[in-house]
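[1] need a structure here:
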Amino acid sequence: MAASEDSLPDYETFARHAGEAVRLIAGDVHRDGRIAEVGALNRQPGQARQPFSLVVVAEGEALPQQTLTLEHEALGELQLFLVPVGPRDGGMAYEAVFT
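    Numbering: from 1, shown residues only. This next block holds a predicted model:
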């Protein structure tokens, strides 16, 4: 079951875990990686949450854009729509944008 946007960690929470290990799961495919970058995006007037982008770098060949399970020791399991954005630091970078 996918988490609602309100139940997902916010910018500050992800930023605290930048550089930490994660695992991406797509069915029976598991890829080890890390939270490579958490970047604040421009906040619009009246916007309740700080918009941000999350970049995860994982080992192996690119997975297609899709909803993947991201496992993190402190954050638990999160269902995120991740888009491969190209090679980075010896792996494949995936991005999610939260508005």
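[2] for residue 53, list each beta-bridge partner.
    residue 39, residue 97 (DSSP bridges).
[3] which parts of this protein are helices?
    Along the chain, the segments classed as helices by DSSP state H run 11-16.
[4] where does it dip in pLDDT?
    Judged by pLDDT under 70, the chain has its weakly predicted residues at 1-6.
[5] just want the most central residue of it.
    Nearest to the mean C-alpha position of the chain, by C-alpha atoms, centre = their mean, lies residue 54 at 4.8 Å.
[6] just the strands in the chain please.
    When assigned using DSSP state E, the strands of the chain occupy the ranges 21-26, 29-40, 52-58, 66-72, 76-88, 91-98.
[7] closest to residue 14 out of these?
    In this view, the strands of the chain are compared for proximity to residue 14 by C-beta to C-beta, and strand 29-40 is the closest at 4.5 Å. C-betas here are computed from N, CA, C, even on glycine.
[8] show me what that closest one is packed up against.
    The contact analysis (3 or more C-beta pairs under 8 Å, 6 or more residues apart in numbering; DSSP states H and E) places strand 29-40 against helix 11-16, strand 21-26, strand 52-58.
[9] at 10 Å instead, please
    In terms of contact count using 3 or more C-beta pairs under 10 Å, 6 or more residues apart in numbering; DSSP states H and E, strand 29-40 is assigned the packing partners helix 11-16, strand 21-26, strand 52-58, strand 66-72, strand 91-98.
[10] output it as PDB, nothing but the C-alphas.
    Coordinates of each C-alpha in strand 29-40 appear next as PDB, following Å, rounded to 0.1, in the frame of the first residue of the first chain:
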ATOM      1  CA  VAL A  29      15.100  -6.900  -7.800                       C
ATOM      2  CA  HIS A  30      17.000  -5.300  -4.900                       C
ATOM      3  CA  ARG A  31      19.500  -2.600  -5.300                       C
ATOM      4  CA  ASP A  32      21.700  -1.200  -2.500                       C
ATOM      5  CA  GLY A  33      22.300   2.500  -2.600                       C
ATOM      6  CA  ARG A  34      22.400   5.800  -0.600                       C
ATOM      7  CA  ILE A  35      20.500   9.100  -0.300                       C
ATOM      8  CA  ALA A  36      22.800  11.200  -2.400                       C
ATOM      9  CA  GLU A  37      21.100  14.600  -2.300                       C
ATOM     10  CA  VAL A  38      18.100  16.300  -0.800                       C
ATOM     11  CA  GLY A  39      17.500  19.700  -2.300                       C
ATOM     12  CA  ALA A  40      14.900  22.400  -1.400                       C
END
